[in-house]
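Chemist: this one's structure only:
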Ligand code: UD1
């Protein structure tokens, strides 16, 4: 088990450079399985989810090199093999192998995907869509087997704009016969990033990033290159930290257009942000005032920033209403914030946060990736020392977290317990 030891209340200045987006790269790597050509992915973050995907690709026969944030994938010897639970349970994004191996080989076998335990995370929209494209899908003892003679494009309506299902259907449909239209598709920027990679490979896709995506099937794809877009959740977490502890802290390598739902809330609360082309300068704000935050799908406030934002709200004067609308269990960090001195009442997926309250260092425990981020922020603004247990999760989504923060003045250690 890993633990963060944080000595709080340190002023932060200097620069934090943002890495490539976790939620893009975890789809781009499996998407490469659509071709036997050589793929090069730039700006790949050094996170544990990437390390796990490299192992999965090598298991499937790919030759991989990963140096200076460039991942080269040679799929000449790629084979379709069952993906066992030791792999699939490690990350949610393993479900993208269903679309890519299924699209390429018309057969895929994969155990149920893992990921953070933040509530029921069914994949029914993925499975229904695969069936509509022509797959026979059989589930037995937690393993899905997908088979098709051929795939045929068609209109697919999503009851809910699922990020994973949008990407997975796009991946599966690029080699189907005819046209697939995804209606009520998710619009997260990572979807456009994956579509750009597929287009570079020879796919025909229009409308990615909008609620209607049209994919016209092609016979074959070839190797291609792509840049991973900046991680808006990593950037957002550091902007939140900067608005509580920064002194001209520069968050660089970002796309500010993808962060508007966060930056406009912070500005409503009284944070002053200075924007440059691909960076934001942020300083500790005084007299923060309460704001209401409701997470929802893009371009709304991202659920993955909800937990760190709830820590920010403890420092705002007045009553903030915080509401999570995507997942069932994203408030499990709240009791820990309360032990540190916060005044938060939560019920179902809502919380009233009464501020501002000074936070004191305590021993707390992270329950998932973004809960770790929320407790990290809390520990950094608290007086004294905070120990956050069970932080393996945070390494899945934040590259070089400790170095990036210590380089700008934080005092954080990551230790094995
Ligand atoms: C992706 C992100 C995750 C982010 C989420 C929402 C990746 C690897 N993960 O997760 O960080 O929090 O988007 O922005 O990109 N649902 C169903 N049936 C389905 C699919 C989803 O009921 O077939 C429900 C889920 O239970 C969940 C909600 O829809 O409540 C969100 O799912 P989805 O948008 O698919 O998110 P993920 O792809 O799992």
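Modeler: Done, it's in. Since the model is a prediction, treat every value here as computed from it, not as a measurement.

Chemist: least trustworthy helix or strand in this structure by mean pLDDT?
Modeler: Lowest on mean pLDDT, DSSP states H and E among the helices and strands of the chain sits helix 394-397, with a mean of 85.

Chemist: so which other helices or strands are in contact with the helix or strand containing residue 170?
Modeler: Using DSSP states H and E, the element containing residue 170 is helix 163-173. Of the remaining helices and strands, those touching helix 163-173 by 3 or more Cβ pairs under 8 Å, 6 or more residues apart in numbering; DSSP states H and E are helix 22-31, helix 96-105, helix 124-133, strand 179-183, helix 189-200, strand 212-216. To be clear about C-beta, it is placed using only N, CA and C from the backbone, and glycine gets the same treatment.

Chemist: the least confident helix or strand of the chain near the ligand at all?
Modeler: No. Judged by Cβ under 6 Å from any ligand atom, helix 394-397 stays clear of the ligand, getting no closer than 8.1 Å.

Chemist: which is the next helix or strand following that helix?
Modeler: For helix 394-397, the following helix or strand on the C-terminal side (DSSP H and E) is helix 401-406.

Chemist: pLDDT averaged over that following helix, what's the number?
Modeler: Confidence for helix 401-406, expressed as mean pLDDT, is 97.

Chemist: give the buried residues for stretch 215-225.
Modeler: The neighbour-count check on stretch 215-225 (16 or more other Cβ atoms under 10 Å) flags 215, 216, 217, 221, 223, 224 as buried.

Chemist: got the contact list for the last one?
Modeler: If a contact means Cβ atoms under 8 Å, 6 or more residues apart in numbering, then residue 224 has 35, 37, 39, 40, 197, 200, 201, 202 as its contacts.

Chemist: cool, and the fourth one?
Modeler: Applying Cβ under 8 Å, 6+ apart, we find residue 221 in contact with 34, 35, 37, 174, 175, 198, 201, 202, 203.

Chemist: need these in JSON lines (columns: distance to the ligand and neighbour count).
Modeler: Shown next, in JSON lines, are the contacts of residue 221 (distance: Cβ to the nearest ligand atom, whole Å; neighbours: other Cβ atoms under 10 Å):
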{"residue": "34", "distance to the ligand": "18", "neighbour count": "28"}
{"residue": "35", "distance to the ligand": "22", "neighbour count": "22"}
{"residue": "37", "distance to the ligand": "25", "neighbour count": "17"}
{"residue": "174", "distance to the ligand": "19", "neighbour count": "29"}
{"residue": "175", "distance to the ligand": "21", "neighbour count": "23"}
{"residue": "198", "distance to the ligand": "16", "neighbour count": "26"}
{"residue": "201", "distance to the ligand": "20", "neighbour count": "22"}
{"residue": "202", "distance to the ligand": "24", "neighbour count": "18"}
{"residue": "203", "distance to the ligand": "20", "neighbour count": "23"}
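
Chemist: give me the three-state assignment for the residue of the chain most remote from its centre.
Modeler: Centroid-distance maximum for the chain: residue 149 at 33.6 Å, with Cα atoms, centre = their mean. Using DSSP: H, G, I helix; E, B strand; the rest coil, the structure places residue 149 in coil.

Chemist: residues in contact with it?
Modeler: Listed by Cβ under 8 Å, 6+ apart, the contact set of residue 149 reads 106, 134.

Chemist: before we move on, back to that, single out the most deeply packed of the helices and strands packed on helix 163-173.
Modeler: Each of those was scored by mean neighbour count; the highest is helix 22-31, a mean of 28, by mean count of other Cβ atoms under 10 Å.

Chemist: right, I'll call it a day here.
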